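K.L.:
Fold the following and give me the result.
(one chain, ligands or ions: 1)
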Amino acid sequence: MTKLFLIGLIFISSGASSQSSTCFGSTANGSLKNGVELPGKGKNYVSYSTIARLAGRTYVHSAVKTIILNSYKNLQTSMPDTVFKYAETGFEDGGKFRPHKTHQNGLSVDFMTPVVNDKGVSVHLPTSPFNKFGYNIEFDSSGWFEEYRIDYNALASHIVELHKESKRLGFDLWRVIFDPELQPNLFTTKHAEYLKQNIQFSKKPSWVRHDEHYHVDFKIPCK
Ligand SMILES: [Zn+2]
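P.N.:
Take a look at the predicted model:
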């Protein structure tokens, strides 16, 4: 009896986690069916806000969720002392996602820029309603904001993992938007060559400065 019950539970839970999403249209004009929610936190990552999460702002396409979680898992091994934070993604069924211009079909994800503090320890950027969940943070041209300094190696490593895990599932990254003025610093890391070969970065400044966060669009076929 207990065994059967357990098997039943496993079946139900695996059924729920293997739900696959369908995206429609484009990131700028689209929607999502069966969107899935990112976990609030894991061993080396957290969400930018419990409130925003409860408001349903952290849903993605199921393949995007798998890619993100696999990437965090790999980083846990390769950079055990580094922590990451993700930010706005989209609604469960996609559609308009103010104030963003994209994020409409489950394939756009914002990540908070990884930082170290003045002691060189990996920490999270502060995100709360008082600084627009982190989006109000401004780094100076040398990559500092208060006692926080951009950890370019962690940022580059994360992008590399997202790309590798996308490829492993038969997908790709479409583009990464990050402040063009700060971008050259990514090419001073050991991942420079990989980034050059595989990642399409934004060339022009976009409608908001992407310094405290970087925006990733995944390339997954939609209807
Ligand atoms: Zn974005």
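
K.L.:
burial measure for the closest residue to the ion within the chain, as a count.
P.N.:
Nearest residue of the chain to the ion: His215, at 3.5 Å (CB to the ion). Glycine gets a C-beta too; all of them are placed from N, C-alpha and C. By other CB atoms under 10 Å, 22 other residues sit near His215.

K.L.:
How about the residues of the chain by the ion?
P.N.:
The chain comes close to the ion at residues 110, 215, as judged by CB under 5 Å from the ion.

K.L.:
Can you tell me, leaving aside adjacent residues, what's nearest to Trp207?
P.N.:
Lys101 (6.5 Å; CB to CB, 6 or more residues apart in numbering).

K.L.:
circling back to that earlier point, partners of the host helix or strand of the residue of the chain closest to the ion, with directions?
P.N.:
Using DSSP states H and E, His215 sits within strand 213-219. If you go by DSSP bridges, strand 213-219 pairs up with strand 108-112 (antiparallel), strand 172-177 (antiparallel).

K.L.:
Any regions of this structure where pLDDT drops low?
P.N.:
Applying pLDDT under 70 to the chain picks out residues 1-18.

K.L.:
That one: strands as residue ranges?
P.N.:
Per DSSP state E, the chain carries strands over the ranges 22-25, 30-33, 36-37, 41-42, 45-47, 59-60, 84-86, 108-112, 115-116, 122-123, 144-145, 148-150, 172-177, 213-219.

K.L.:
out of the ones you listed, deepest packed?
P.N.:
For these, the largest average neighbour count (mean count of other CB atoms under 10 Å) is found in strand 59-60, namely a mean of 26.

K.L.:
So which residues make contact with it?
P.N.:
Under the criterion CB atoms under 8 Å, 6 or more residues apart in numbering, residues 21, 32, 35-38, 68, 89-92, 106-107, 109 lie in contact with strand 59-60.

K.L.:
Selecting buried members of these in ChimeraX, what would you type?
P.N.:
To isolate the buried members of the contacts of strand 59-60 in ChimeraX, using 16 or more other CB atoms under 10 Å:
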select :21,32,35,36,38,68,89,90,91,92,106,107,109
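
K.L.:
The strands of the chain into CSV, with extra columns for distance to Gln183?
P.N.:
CSV is the format used below for the strands of the chain (distance: least, CB to CB, whole Å):
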stretch, distance to Gln183
strand 22-25, 28
strand 30-33, 27
strand 36-37, 31
strand 41-42, 28
strand 45-47, 23
strand 59-60, 25
strand 84-86, 19
strand 108-112, 15
strand 115-116, 17
strand 122-123, 21
strand 144-145, 17
strand 148-150, 11
strand 172-177, 9
strand 213-219, 10
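
K.L.:
Quick one, which of those gets closest to Phe201.
P.N.:
Closest to Phe201 of these is strand 172-177 (CB to CB; 5.4 Å).

K.L.:
ok, and what's touching the closest one?
P.N.:
Contacts with strand 172-177, where a contact means CB under 8 Å, 6+ apart, come from 107, 159, 162-163, 166, 198-202, 206, 210, 214-219.

K.L.:
just the helices in the protein please.
P.N.:
Taking DSSP state H as the criterion, the chain contains helices spanning 2-17, 50-54, 62-78, 152-168, 192-198.

K.L.:
name the helices or strands packed onto the fourth one?
P.N.:
Counting contacts by 3 or more CB pairs under 8 Å, 6 or more residues apart in numbering; DSSP states H and E, helix 152-168 is packed against helix 62-78, strand 172-177, helix 192-198, strand 213-219.
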